[in-house]
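Chemist: sequence and predicted structure are below.
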Amino acid sequence: MAVEEKKIAWDTPLKSYFPGFRMHDPAATEKVTLRDLLTHRSGIPRQKFFSLNPPATRREVRDRIRFFEPSADFRSAWQYCNETYTVAGDMVAERLGASWEELVTARLLEPLGMGATLFSVREMQWAPNHATPYIDWGEGPEAMAFHDAGILGPAGEIVSNANDLSKWLLFNLARGEAGGRRLVDAAQLARIQSPQVPVPRGAREKEVLLQSYGMGWFLDAWRGFLHVHHGGVLYGFSSHVSFLPTENVGLVVLANLNGTPLPTILEGFVYERLLGLPPVDWNGRARAQEARVKEAMDKARTAEGNDPCGRPETKAARALADYAGTYRSDGYGAITVREAAGALEANLWKDSCPLRACGGDGFELYHPVERQAWTVTFQGAPGGAVASFVVAPVPGLKEITFRRE
């Protein structure tokens with residue numbers, strides 16, 4: 001809609017609209033466009049460590065993107081990155097003169113009659129019939145606490161139900177019309193639903209070929225049919241929205257279990273019966289994959305048991321109180337380290353994360369919700385004060401420094 005109204009263009013460098021916007025790569029700063037951000041080809045990988053400790057506003061996400069080191073050359077590869085979508089949505093909202101939530105409500109939710117659709121799990125919990133999030137780490141499903149990721153906004157913080165999302169599917173199948181009213185130009189909608197960049201195949205089924213990414217949609221040939229789709233997983237909830245434009249059918253599957261394959265299993269089951277295709281054992285394949293994942297998780301737990309980090313006999317080089325303090329990075333914000341009950345813990349936004357001693361000044365920062373760890377090394381002269389710590393927020397990229405305030 002913003003492109004149609006000439007408030008922004010797909011291929012005009014963003015610095016033309018936002019002179020202060022910068023990327024880590026100076027060449028990318030000069031050339032990066034809205035299309036680059038929406039096709040995940042900016043060179044910036046997903047910034048999970050950043051999103052676990054986000055700033056207060058989306059504008060700050062935009063300002064901090066200059067500190068995110070690329071892991072691929074600009075426009076050379078597809079790398080999924082939520083943070084660039086947050087920035088793109090914030091930019092479009094600024095160009096149209098309203099917040100992203102206000103724009104989505106006025107221009108899409110209200111015209112489509114999507115009155116039950118919300119923008120955060122905080123709002124969701126006020127509804128009397130909301131679902132409880134679950135996760136399964138290989139030992140059976142367990143309930144999760146609700147985790148608000150509202151700062152991501154345009155990257156995927158829409159909370160909805162099957163009825164409302166069916167209206168969203170019908171709008172897309174009708175090429176931008178709803179209730180006899182055209183909401184968006186059909187050519188613009190077709191543009192975002194057209195291949196823009198190839199997506200590495202990975203371990204995909206033989207029935208799914210030629211995967212690519214549009215602008216906000218995955219596209220492939222599913223058993224010979226054009227297949228437009230996108231899934232999502234966020235803290236105990238999984239979703240899958242898809243449609244086959246040539247057959248004028250689509251579906252949405254929502255599940256309250258983190259990372260469950262159920263949505264894509266059901267997708268195959270439904271489409272095959274609608275189209276009269278010989279069935280594929282999608283469920284059997286998913287069960288086999290689940291068994292492989294469980295085996296890998298069991299091996300990881302065994303390896304973790306052999307790791308010196310966190311063992312009672314593993315001692316830090318200094319008194320724990322010497323590490324306590326608030327540390328700040330230009331790109332990744334502030335992290336407070338404190339001593340509690342004879343151990344160290346750090347805050348990542350609202351989550352308290354143990355710092356497990358690995359020997360010397362090395363620790364493992366463990367996120368209890370993500371069940372993911374980062375290696376943290378404190379720095380300072382022996383016998384002197386701790387001045388900083390370093391951590392690699394993205395595997396394979398250089399460490400960044402958090403300096404003590």
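Modeler: All right, it came through fine. From a predicted model like this one, the values you see are computed outputs, not experimental measurements.

Chemist: what's the burial count for Pro231?
Modeler: Pro isn't right for residue 231; it's Gly. Look at Gly231: counted by other C-beta atoms under 10 Å, it has 16 neighbours. All C-beta spots, glycine's among them, are computed from the backbone N, C-alpha and C.

Chemist: so for the closest residue to Pro393 other than its chain neighbours, what's the pLDDT?
Modeler: The shortest distance from Pro393 to any non-neighbouring residue, by C-beta to C-beta, 6 or more residues apart in numbering, is to Phe49 (3.6 Å). Here the pLDDT value assigned to Phe49 is 91.

Chemist: and the next helix or strand past the one helix or strand Phe49 maps to?
Modeler: Using DSSP states H and E, Phe49 falls within helix 48-51. Downstream of helix 48-51, the next assigned helix or strand under DSSP H and E is helix 58-64.

Chemist: return the set of buried residues in that next one.
Modeler: 58, 61-64 (16 or more other C-beta atoms under 10 Å).

Chemist: tell me the one of the residues you listed nearest Gly115?
Modeler: Of all the buried residues of helix 58-64, Arg58 has the smallest distance to Gly115: 24.8 Å, by C-beta to C-beta.

Chemist: which residues touch that closest one?
Modeler: 86-87, 89-90, 100, 151, 153 (C-beta atoms under 8 Å, 6 or more residues apart in numbering).

Chemist: lowest pLDDT pick from those?
Modeler: Out of those, that is Ile151, at 83.

Chemist: for that residue, which non-adjacent residue is closest in space?
Modeler: Once flanking residues are discounted, Ile151 sits nearest to Pro54: 4.3 Å by C-beta to C-beta, 6+ apart.

Chemist: separation between Ser388 and Gly396?
Modeler: 22 Å (C-beta to C-beta, to the nearest Å).

Chemist: these two: who's more crowded?
Modeler: Each of Ser388 and Gly396 had its neighbours counted (other C-beta under 10 Å), and the higher figure belongs to Ser388 (15 against 8).

Chemist: any low-confidence regions in the protein?
Modeler: Applying pLDDT under 70 to the chain picks out residues 202-204, 301, 303-306, 310.

Chemist: which ones are touching the spatially most central residue of it?
Modeler: With distances taken as C-alpha atoms, centre = their mean, the residue of the chain nearest its centroid is Asn82 (4.4 Å). Asn82 is in contact with 46-47, 51, 152, 155-156, counting by C-beta under 8 Å, 6+ apart.

Chemist: who wins on neighbours among the residues you listed?
Modeler: Of those, with other C-beta under 10 Å as the count, Gln47 tops at 24 neighbours.

Chemist: ok, now which ones touch that residue?
Modeler: Applying C-beta under 8 Å, 6+ apart, we find Gln47 in contact with 68, 81-83, 393-394.

Chemist: what comes up buried for the longest helix seen in the chain?
Modeler: Longest helix in the chain, counting residues (DSSP state H): helix 282-305. Of the residues in helix 282-305, 282, 286 count as buried by neighbour count, 16+ other C-beta under 10 Å.

Chemist: now do stretch 41-49
Modeler: 41-47, 49.

Chemist: show me how far it is from its chain's centre.
Modeler: With C-alpha atoms, centre = their mean, to the nearest Å as the basis, stretch 41-49 stands 10 Å off its chain's centre.

Chemist: need the CA coordinates for the strand or helix carrying Asn347. PDB is fine.
Modeler: Per DSSP H and E: Asn347 is located in strand 343-348. Coordinates of the C-alpha atoms in strand 343-348 are reproduced here as PDB (Å, rounded to 0.1, in the frame of the first residue of the first chain):
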ATOM      1  CA  ALA A 343      26.400 -18.200  41.800                       C
ATOM      2  CA  LEU A 344      26.200 -15.700  39.000                       C
ATOM      3  CA  GLU A 345      23.200 -14.800  36.900                       C
ATOM      4  CA  ALA A 346      22.500 -12.300  34.200                       C
ATOM      5  CA  ASN A 347      19.400 -10.600  33.000                       C
ATOM      6  CA  LEU A 348      18.300 -10.800  29.300                       C
END
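
Chemist: what comes into contact with that strand?
Modeler: 52-53, 320, 323-324, 335-338, 352-357, 363, 365, 367.

Chemist: before we move on, what about stretch 230-237?
Modeler: Residues outside stretch 230-237 that contact it (C-beta under 8 Å, 6+ apart): 121, 131-135, 143-144, 146-147, 149, 156-157, 216-218, 238-242, 254-259, 263-264, 369.

Chemist: off-centre distance for the longest helix of the chain?
Modeler: On C-alpha atoms, centre = their mean, the centre of helix 282-305 falls 23 Å from that of its chain.

Chemist: helices or strands up against the next helix-or-strand element following it?
Modeler: As assigned by DSSP H and E, the chain's next helix or strand after helix 282-305 is strand 325-329. Other elements packing on strand 325-329 under the criterion 3 or more C-beta pairs under 8 Å, 6 or more residues apart in numbering; DSSP states H and E are strand 333-340, strand 400-404.

Chemist: out of those, which comes closest to Ala77?
Modeler: strand 400-404 (21.9 Å).

Chemist: tell me the strands beside that closest one, with direction?
Modeler: Sheet pairing here is set by DSSP bridges, and for strand 400-404 it gives strand 325-329 (antiparallel), strand 388-391 (antiparallel).
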